[in-house]
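Chemist: A structural model of the following input is requested.
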Amino acid sequence: MKTISRMAVGVALHCAAFAVLAQETLNVSAILAISGPASIYGAPAEKALRLMVDNLPNKSIAGHPVKLTIYDTEGNSTKAAQLFRRAAENDEAHIVFGPSTSGESLAIVPIANQLKVPTVSHGGAETITKPLTPYMFALPPTDRLMVESLIASIKQRGWKKVAVMYSVDGFGQSGGTIAQELVPASGLELTGVETFASQDTNMAPQLLRLREKNPDAIILWSANPGPTIVAKNALEMGLKKPFFVSTANATLGFINQTGPAAEGIYAATLPIVAPDALADGDPRKPIFLRFNKQYMDKVGQPADQASGHGLDDILLLEAAMKNLQGPLTRENLRAALETVKMCGSNGCRQMRPDDHRGLTKDAMVVMQIRDGKFAQVK
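Modeler: Predicted structure coming up:
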C-alpha cells in the first residue's frame, strides 16, 4: 500500500509540475505604426491582433496564457528599434510581430538576430528575409512576387511599354530595383524611370517627364502617402495612364486617402479584400469570411490586407506552437516557425529553414479599384 501511495504521490506531483509548465505565459509583443503616416498599415493590424487574442479560447495558445503587449512606432525606424529592445529585454517577449513597414523592419533585422528573438515582420521588401537570417521572418509576399504578378497582368492586357516610379526608401528602392530588372527581362520595354523622396508633396515634374515617354502602364512602388500624391497629381494634370501598385496600397486606407484619384488603379493584392470571390473549396475562404464578420462587428469596417496581418500573426503563432518541441523558449519557437504550414490572409505558406516567408506567387491576385472598392479583374 505504501508503494502504491508513493506512486500516487509521484504521479500527482508529476501532473502538477506539468500543469505549472503548461500554464507558463506566452509573452507576445508587437511594434506597429499605430499613428503617423504609416498608420493605415499599423492601426488595422493592431485592432485585428487584439481581436484575435480576445477570441482565443481562454486567451491561451496550446495551454499557455497569452500576454499581448503592443507599442506604437509611429512609423519611425529609430523608435521601432528602441521599442523592439524594450519588448525583448523588459517584456521578455518570446516573439515580436512587426514592424509595419519595410524601412522599420530592415532596421530591426540585426537587433532581432543580436538579441535572438523570433520576429515576424509585416514588411514586403525582399531584403528583409534575403539574405536569410535566423530570427527574422515575414508575413507578406515579397516585392519580387508582387512585381511578377503585376507584370503578368500588364502582359495579359497587351501593353508593351512600361515606366517605373518609386520612392527612395527601403521599400521603394527594393521594389523599384526589382521592377527595373524584371520589366525588360519579361520582354517589355522600360520606357522611363522616376524617383521621389518619401516626404515629397508634389510629384508633377516626374509625371510630366513620364508623360513624354508615353508608357502604356506605370508601375508605382512606394508605401503611402507617396502613391496617394502621385495619383492626385496625375488626375489634376489629366494623365490617364493605368497605374499598377503594390500590396502596400491595397488597403481601404489608401482608397479613403486617395479618393476619386484611386479609381482605376490596379493593385497586387490578396484575396482577403474580396473573400466571396474565392472558390468554395479554397481553404482560405471560411477563415476570411469568419474573420471579416468578427472584424466588422468589432471595428465597424471591412477587413483588408493591413488587418489581415493581425489575423495571420495569431494563425502563424498557433501553428508554430503546435509544432513546438520542448519547453517554451525563444529558440524552440524560432525552430517551430520554420516548420509552419498554414493558410491565412497572406496566402497558404510552407515555412522552411531556407525560406522564412514560405509563399509563392499563387498567393497574389491583381485587383482594380472601382467605385471605391477592390474588384477582381480578368
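Chemist: gap between the spatially closest residue to residue 118 that is not a sequence neighbour and residue 366?
Modeler: For residue 118, ignoring the flanking residues on the chain, the nearest one in space by C-beta to C-beta, 6 or more residues apart in numbering is residue 334 at 4.2 Å. Quick note: C-beta positions are derived from backbone N, CA and C, even for glycine. The spacing between residue 334 and residue 366, counted by C-beta to C-beta, to the nearest Å, is 34 Å.
Chemist: and if you look at residue 329?
Modeler: Using C-beta to C-beta, residue 329 is found at 42 Å from residue 366.
Chemist: Mind checking which of these two has more residues around it?
Modeler: residue 366 (20 against 12; other C-beta atoms under 10 Å).
Chemist: The more buried one belongs to a helix, doesn't it?
Modeler: No: Residue 366: not assigned to a helix; according to DSSP: H, G, I helix; E, B strand; the rest coil it is strand.
Chemist: all numbers from here: first residue = 518
Modeler: Okay, residue one is now 518; in that scheme the one you just asked about reads as residue 883.
Chemist: need the contact list for it.
Modeler: Residues in contact with residue 883 (C-beta atoms under 8 Å, 6 or more residues apart in numbering) are 666-667, 669-670, 761, 783-786, 894.
Chemist: With residue 715 instead?
Modeler: Applying C-beta under 8 Å, 6+ apart to residue 715 gives the contacts 684-686, 689, 739-740, 743.
Chemist: Out of the residues you listed, which is nearest to residue 655?
Modeler: Comparing those against residue 655 with C-beta to C-beta places residue 740 closest, at 14.9 Å.
Chemist: On the pLDDT front, check that closest one for me.
Modeler: What the model reports for residue 740 is a pLDDT of 88.
Chemist: Give the helix, strand or coil label for it.
Modeler: Applying three-state DSSP: residue 740 is coil.
Chemist: Ok, residue 603 next?
Modeler: Three-state assignment for residue 603 (three-state DSSP): helix.
Chemist: could you list every residue that touches the closest residue to it other than its chain neighbours?
Modeler: Excluding the flanking residues, the one nearest residue 603 by C-beta to C-beta, 6+ apart is residue 588, at 7.1 Å. Neighbouring residues of residue 588 by C-beta under 8 Å, 6+ apart: 546-549, 600, 603-604.
Chemist: so how far is residue 611 from residue 588?
Modeler: Distance of residue 588 to residue 611, given as C-beta to C-beta: 16 Å.
Chemist: Helices of this structure, start to end?
Modeler: Using DSSP state H, the helices of the chain run over residues 519-539, 556-571, 594-602, 619-632, 660-673, 687-702, 721-730, 743-754, 769-775, 801-816, 822-839, 847-854.
Chemist: List the buried residues for the third one?
Modeler: Within helix 594-602, the residues that qualify as buried are 594, 596-598, 600-601, counting by 16 or more other C-beta atoms under 10 Å.
Chemist: Does residue 795 touch residue 788 like I think?
Modeler: Yes: contact criterion C-beta atoms under 8 Å: residue 795 and residue 788 qualify, at 5.4 Å.
Chemist: Can you pick out the residue with more neighbours from the two?
Modeler: Higher neighbour count among residue 795 and residue 788: residue 788, with 24 against 18, using other C-beta under 10 Å.
Chemist: Need the pLDDT of that one.
Modeler: Note on residue 788: pLDDT of 82.
Chemist: tell me the contacts of it?
Modeler: Neighbouring residues of residue 788 by C-beta under 8 Å, 6+ apart: 794-795, 799, 801, 805, 882.
Chemist: Which of the residues you listed has the largest number of neighbours?
Modeler: If you count neighbours using other C-beta under 10 Å, the busiest of the contacts of residue 788 is residue 805, which has 24 neighbours.
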